[in-house]
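>>> 3D, please:
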Amino acid sequence: MPILTGYGGVENPNWVVFHSFEPGVASFGLDGVITALGLHLFGPDFIGRTQDAAQRCELILQVLREHRLLWIWDNFESVRELPGPTGATPALDAAEQQRMRDFLHAVARDGQSGVILTSRTPEDWLGDVRRLELGGLTTGEAAEMAEDVLRPYPTGRTRRNERAFAELMEWLGGHPLSLRLLLPQLERMSAGDLLAVLKGNTRTLPAGFVGEGRLASLGASLKYSLDHVVPDERERALALALFEGVVDEDVLASFAEADGVPARFAQVTKDVWSALLKRLTGIGVLTELGGGMYGLHPALPAYLMAEWRQLTGEGFVAEHVAAEHALLAAYAMFGDWLLRQIRSGAAETAFALLDRQRRTMGRLLGLALTQRRYREAQALMEPLNEFWDVRGLRQEAHGWVDRCRAALEDKKSTPPDLAGEVGAFWLFATGREAKRALKAGELDLAHRTYDAIRQKLEISDGPDQQPRLAVIYHNLGAVAQDRGDLATAEQWSRKALEIFEALGDRPSLASSYHQLGMVAQDRGDLATAEQWSRKALEIFEALGDRPSLASSYHQLGMVAQDRGDLAAAEQWSRKALEIFEALGNRPGLARSYSKRKTKCQI
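As a prediction, the model looks like this:
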């Protein structure tokens, strides 16, 4: 029923709202919409008091000029841009579209009233009108709505204490209709089970999701949009069911070239994927985020996965597995690229991409561990580690290291043979965990881990032994320095430096110079400290390594402060702060804001 049920001379200065509900404006045309409003305003006499459609239109315009009404037209996309795909509600013809446009401009120009058009498309044909793209609710607003929605559901309210509820809310992304229709499902299933449904990980969907029932409007909304996509594009769109939250056109292009990718996705070029994603954005199921990334409607993966199952029948499992493996290979390439960006001057861009896509990358990292595809696992985990560290997400990082060690070590926690992909991945995961322990001041834990790795490396053989040993020597020097054992710290650091010089490894050389500078500063030898720090800075500047540059600037600021040159100290510190802020590096920001002298390990 419409909100406004009668009209008798509106004196209240507030808006009176009339809401035009389904089946949409295009079902009636301008005359039909005007008649619907007139009947509610004036009753059955509306038709009798006017001679024709032109008089009825003028009478409604007069009302809108003299009174404050807010008139809401739903589903305006059906007028022209997205008519009913089955032909049941065809687009209005050109003459009728012109009448509609002229009427709306007259309301905007002459009246006290307003008209809100809701549409999945921008309706550029209307000309210069105000457009407002509606995104999702904020986190706080979504939580408030969840509270309201779940109020009648006692079991559903208790589900908010489940660990998966926060992830469910993140998945829903503040989408009001999804919150209103999906959260009540918590009365009969856990948050984890509902999340699995939305990810398409189950054969069954909530009642009505793609048919009848309470959720029918959610499924119908997606179906209406997707029915405007031609069959070939709709088949390709099934690949979007593999992503969580955000889809990336570059990753899709790599996915289409991966070995074993299902035929329906194979050899689809980036331009074709880009055109498809823009088309899906135009019909309201994606949101363009920039940089070739698009946000997914929260119910879209489940809907597409159900369609995929129906299309492939008994062959679904094999095809889905092949697609997952192809996507893992594509994201491993993406992970390698992200790491290069972090280390070569584009860390801000890389972290922005990781922030958007880490949900999909995390799911694929879990798949890589299960499938024992350790090279791909490391390619994903290396850039993710950089992201976790700059965002201060130590618990998330720790949880992944535990999963890695469970997959790589035997029941007695014995490390694997260090040769090959398995050993390389174990060394990386445990080494980064020790580094986080060092930065957190857990020096005994860091030393035990590094020394255990050192002992295993020194009795092993292989082409990677020396560079790996050099890294461990470097880190043992950092632990000794933080313990105050500066002689031992310098010994370990120089052992590392000797290997890095022999290898010609400039990034690692710079890290050794940086550490020797910190040791010299702790000894009070500020001239030597500055010499080492500037040697490190020179290499980091040449490499464009902004995270390490920030640490060098910070270190030179501390040396200047110890010298009593506060102006130089402030200059260096502000240069460091600028990069930490750009990268969103929370630990680095904390060090910069602190009045105490705090070291900045690399």
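
>>> quick one: terminal-to-terminal distance for stretch 64-72?
Start-to-end span of stretch 64-72 (CA to CA, to the nearest Å) is 13 Å.

>>> Any stretches of the protein with poor pLDDT?
In the predicted model, the chain carries pLDDT under 70 at residues 1-28, 84-89, 111, 204-218, 586-602.

>>> So it: which segments form each domain?
Using automatic domain parsing, the domains assigned to the chain come out as 16-126, 529-602.

>>> To residue 329, which of the ones you listed lies closest?
Relative to residue 329, the nearest member of these by CB to CB is domain 529-602, separated by 27.5 Å. Yep, even glycine has a C-beta here, placed from its N, CA and C like the rest.

>>> Strands of the stretch 151-300 of the chain, residue ranges please.
Remark: strands assigned in the stretch 151-300 of the chain by DSSP state E, counting those that start in this stretch are 246-248, 286-290, 293-296.

>>> show me the contacts for the residue nearest the centre of the chain.
In the chain, the residue lying closest to the centroid (CA atoms, centre = their mean) is residue 356, at 2.3 Å. Neighbouring residues of residue 356 by CB atoms under 8 Å, 6 or more residues apart in numbering: 245, 246, 289, 293.

>>> Can you list the buried residues in the helix or strand it falls within?
Using DSSP states H and E, the element containing residue 356 is helix 347-370. Using 16 or more other CB atoms under 10 Å as the test for burial, helix 347-370 gives 347, 350-354, 356-365, 367-369.

>>> Now do it against strand 286-290, angle only.
130 degrees (axes from the mean of the first three to the mean of the last three CA atoms, to 10 degrees).

>>> Can I get helix 347-370 in PDB? Just the C-alpha atoms.
Output in PDB follows, covering the C-alpha atoms of helix 347-370 (Å, rounded to 0.1, in the frame of the first residue of the first chain):
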ATOM      1  CA  ALA A 347      53.900   0.000  -1.900                       C
ATOM      2  CA  GLU A 348      50.900   2.300  -1.500                       C
ATOM      3  CA  THR A 349      49.200   0.800  -4.500                       C
ATOM      4  CA  ALA A 350      50.100  -2.700  -3.500                       C
ATOM      5  CA  PHE A 351      48.600  -2.300   0.000                       C
ATOM      6  CA  ALA A 352      45.500  -0.700  -1.400                       C
ATOM      7  CA  LEU A 353      45.000  -3.800  -3.700                       C
ATOM      8  CA  LEU A 354      45.700  -6.200  -0.800                       C
ATOM      9  CA  ASP A 355      43.200  -4.400   1.400                       C
ATOM     10  CA  ARG A 356      40.500  -5.000  -1.200                       C
ATOM     11  CA  GLN A 357      41.400  -8.500  -2.200                       C
ATOM     12  CA  ARG A 358      42.800 -10.200   0.900                       C
ATOM     13  CA  ARG A 359      39.600 -12.200   1.500                       C
ATOM     14  CA  THR A 360      39.900 -14.000  -1.800                       C
ATOM     15  CA  MET A 361      43.700 -14.400  -1.300                       C
ATOM     16  CA  GLY A 362      43.200 -15.800   2.200                       C
ATOM     17  CA  ARG A 363      40.700 -18.400   0.900                       C
ATOM     18  CA  LEU A 364      43.100 -19.400  -1.800                       C
ATOM     19  CA  LEU A 365      46.000 -19.600   0.700                       C
ATOM     20  CA  GLY A 366      44.000 -22.100   2.700                       C
ATOM     21  CA  LEU A 367      43.300 -24.100  -0.500                       C
ATOM     22  CA  ALA A 368      47.000 -24.000  -1.400                       C
ATOM     23  CA  LEU A 369      47.900 -25.500   2.000                       C
ATOM     24  CA  THR A 370      45.200 -28.200   1.700                       C
END
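
>>> re the thing from before, export the domains of the chain to CSV and tack on distance to residue 491?
Listed next are the domains of the chain as CSV, based on distance: least, CB to CB, whole Å:
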stretch, distance to residue 491
domain 16-126, 66
domain 529-602, 16
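
>>> Any chance of those in TSV with distance to residue 443 and mean neighbour count as columns?
Listed next are the domains of the chain as TSV, based on distance: least, CB to CB, whole Å; neighbours: other CB atoms under 10 Å:
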stretch	distance to residue 443	mean neighbour count
domain 16-126	57	16
domain 529-602	12	19
